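Structure, please.
(chains A and B)
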Amino acid sequence: MSEQRDGEEIHHGDTEARKGRPWGVVFRIGEKTLQWGRHSCLLGEAALTKSMEGFRGRLVGETDRNVCPTVQRASRLPASPCLRASVVSLLLLGLIMGCSPTQPTTSPAPAMTHEEEHGILPHKPHNFAKAVSEVQRRGRELLNSGTRSDAALSEWFDIIGWLPELAGDTELKRADWDKVARVTTQLESWSAAWRDPAGNNALPTVDQLEPLLSELQSTLSQLPPGQRSITPRSHPQSHTESEGHSRD
Amino acid sequence: MTEAILWGALLRVVQSSLQAAPFILTGLIITGMLHRLMGHNQTKWMFGSNTIASLFQSWVIGMLLPGCSLGVIPIVKQLRRSGIAIGTIFAFALSSPLFDPLSMLYGLTLSKPMTIMAFATFSLVVVTVAGGLFDKWYPDTEVVIEEPPQTPPGYKRIIAAFVVMCRETVSGTAGLIAAGLLGVGLLSTVLPPASLQKTMAHDNPWSPLLMTAIAVPAYATPMTAMGQLGSMFQHGNSIGAAFILLTLGAGMNLGLLLWMAIYYGWKKTLAWMGLMLAVVIVISYGIERPLYPKGIEAANHTHAFDIYCQPFPHEGPPTGGYPATIWNRIKLETQPHEKYGAMAIGALALVGLVLKALDRRWVIETWLNQLPEPSAQLGTKWDIILPGWTLAAAGFLVIIATSVTGCFVYYPAPEETLEEMGRVATVEAFAAAYTGEKEHALHWIPICEGWNRRLQVGTYLRHWTLSDYHRMKARVFRDKLELLEHMVEGDDPPEEIKRQVLICKEAFGRLSLAFREEL
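As a prediction, this is how the structure comes out:
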């Protein structure tokens, strides 16, 4: 069951008792799923702060015998606003330790890959050569494009931010790596006006971009041929004992 | 399942005992010096008492002396005997385990050393605010205990300090340390294996509070806490939780709380805890956003807190059984300084027990405190009688100098570290991962990660700088190792693991080249 209140859709009545727990309630506020259960409580902030009365009515009216004792105590709150505020504050503090967000019960999240677990985003280039190519392509596109979406800008700043890391994963010597780090900083300054249009940053121009892209391109020429390719290496080298993995 | 939990708790307690051993030994040495060389008056002068200045003094002394939250237990007992107020005692007890030269160096080479400096400053705020308020509310916590007779100068004075160490080892101090270790065991029983891997996220407002619940019973040496902090920064975890881990995880344990409850009562203990927790939690929420490192790709997991959880999965006993596995892990993980520390404490306890047994017939202190014949007091002009505090000050300087020297031993020169990594650690880790020896790989990969950190600190220690280039090479290797660890842990297809091994090997080659040829 659901109802519309203050612009938020609140579903309630999915008691945890139906799923075999002694008590607990699942709320959905907007897109968030909030679970209030024995070990995992999450407060519907709006529900608690906007109207304790409304909150109480919902909980008790629908699922009184399944609601946790703390909530039942809350439903018998005193009428005095000050006292009520105090009790609500104490209630909040008491509940803090057991609170945690839960996944929506209807559509469990798919298992994460190791890359996702490490925060590796899908638009992260797989090597330095690919990153340089992406910076060249995206930099020119963004410069020539009339409208720049937030997503495109976010990815642009991500990719230039990854340049030093990806360069660190190559055979580049220190002087060349330092050059990449410097160009990264310059590219960030060059495109800063896109991120913060209201700031004092100068608008990016092609005259400034091309020398930076050329510098990046020149670092690529310092790499061995195998690392200049933008395609990932598909198969590892064969492993032999002579490679030094033997523990003998 | 119960068997796994109980054996796991035993392993955690033994691991913590061994990690704590060198620090407990240092704490006993400091106690012996304070007791027999400094005396009550000089100790009180050095630490101060019941003033804001004394809180700062104690904080500075705590920062200089190496220690851990278990190692400070004999010291805080001695400080109480010297008539020092509880706020001042806790200023020392909280700050001593947070930093020492080893961990400070480690912290300074993390990607954001300013955060570590900020943490150190905030720890001063915690002890000043909490200690100041507590001393104001309870100004009567200075006790007057009669000082035992002084030991006359000479070798007997040194023996007297040694006797104090031995007696402390078999006194209530042992019980309090055991209580601290019990907290570690109990904590592991309630936390299922790897249950904290997806906690402590920066965007989870409950992270600092969850960390508070874990950190009070937990035990971490300064180095362990600093390593965990590094991992938290690297994984984009909550900065507030990291601060709580350092302040309470490294600085507090159940033994210290029990000591306070025994000597000052539960009311004062709860008041102190409430005050301190309030200050620490407020600071942790205050620093969450300002100190959060920029440009971090927040990972969804971390292994930093696995050491607080149950070590054994519930599926069934490990190959060879629990006792054999525990013994193997202790043998593999224990470092030489921990082994020798534990052996020294064992020897002290043995002498302490013998002295206790002898007490019925002969009390050694009576002999030690006997004044020498007047003729024997006359020495040559070179035989200068130094006051006890001079000897104690020299002793403290030796302890600080030893810990600084220890830094050079613990963090070898880059060439030596690379040699160690290339000859043993990476070979073991990569070969095990390549051939599918999961347990062996999961043992050696963290060791490689540890050496990777030591490589950076060792370089910093000798060159007083570490370039962004070298940091990046180390970071790339670390990230690849960590991915390999998770692939092994997650039983990924062998071909993918083999591919990752080769990628790691390449990254190590580049790391090695950068540190050998381009420093």
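
Check chain B for its longest helix and report it.
helix B:2-33 (DSSP state H).

what's the helix or strand containing residue B:225 in contact with?
Assigned by DSSP states H and E, residue B:225 belongs to helix B:222-234. When contacts are defined by C-beta atoms under 8 Å, 6 or more residues apart in numbering or on different chains, helix B:222-234 is touched by residues B:19, B:66-68, B:97-100, B:102-103, B:106-107, B:110-112, B:115-116, B:119, B:200, B:220, B:237-239, B:241-242, B:245-246, B:249-250, B:293, B:296, B:299, B:302-305, B:307, B:450, B:453, B:478. All C-beta spots, glycine's among them, are computed from the backbone N, C-alpha and C.

Report pLDDT for residue 71.
By default, I'm working from chain A. If you check residue A:71, the pLDDT there is 39.

please go with chain B instead
If you check residue B:71, the pLDDT there is 95.

returning to what we had before: could you point out which element follows the longest helix of chain B?
helix B:39-47.

Check which helices and strands that following helix sits against.
If contacts are counted by 3 or more C-beta pairs under 8 Å, 6 or more residues apart in numbering or on different chains; DSSP states H and E, helix B:39-47 sits against helix B:52-64, helix B:72-81, helix B:86-95, helix B:388-410.

Tell me which of those helices is the most buried.
helix B:86-95 (a mean of 28; mean count of other C-beta atoms under 10 Å in any protein chain shown).

Counting residues, which helix of chain A comes out longest?
Criterion DSSP H: the longest helix present in chain A is helix A:150-168.

Can you narrow the contacts of helix B:222-234 down to the ones near chain A?
residue B:299 (C-beta under 8 Å from any C-beta of the partner chain).

Just the buried ones among the contacts of helix B:222-234, please.
Among these, those buried by neighbour count (16 or more other C-beta atoms under 10 Å in any protein chain shown) are B:19, B:66-68, B:97-100, B:102-103, B:106-107, B:110, B:112, B:115-116, B:119, B:200, B:220, B:237-239, B:241-242, B:245-246, B:249-250, B:296, B:299, B:302-305, B:307, B:453, B:478.

ok, and the closest non-adjacent residue to residue B:461?
Nearest residue to residue B:461, sequence neighbours excluded (C-beta to C-beta, 6 or more residues apart in numbering or on different chains): residue B:411, at 5.4 Å.

Could you list the low-confidence segments of the stretch 51-200 of chain B?
B:111 (pLDDT under 70).

now the helices for it?
All helices of the stretch 51-200 of chain B, identified by DSSP state H, counting those that start in this stretch, fall at B:52-64, B:72-81, B:86-95, B:101-108, B:113-137, B:155-169, B:172-190.

Pipe those into a markdown table and attach distance to residue B:360 per row.
Output for the helices of the stretch 51-200 of chain B, formatted as a markdown table (distance: least, C-beta to C-beta, whole Å):
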| stretch | distance to residue B:360 |
| --- | --- |
| helix B:52-64 | 38 |
| helix B:72-81 | 24 |
| helix B:86-95 | 33 |
| helix B:101-108 | 43 |
| helix B:113-137 | 42 |
| helix B:155-169 | 15 |
| helix B:172-190 | 20 |
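
Can you say which of these is nearest to residue B:501?
Nearest to residue B:501 among those is helix B:101-108 (27.6 Å), distances taken as C-beta to C-beta.

what's the angle from the closest one to helix B:222-234?
Inter-element angle recorded for helix B:101-108 and helix B:222-234: 10 degrees (by axes from the mean of the first three to the mean of the last three C-alpha atoms, to 10 degrees).

okay but residue B:291 is in contact with residue B:115, surely?
Yes. Using C-beta atoms under 8 Å, residue B:291 is in contact with residue B:115, at 5.2 Å.
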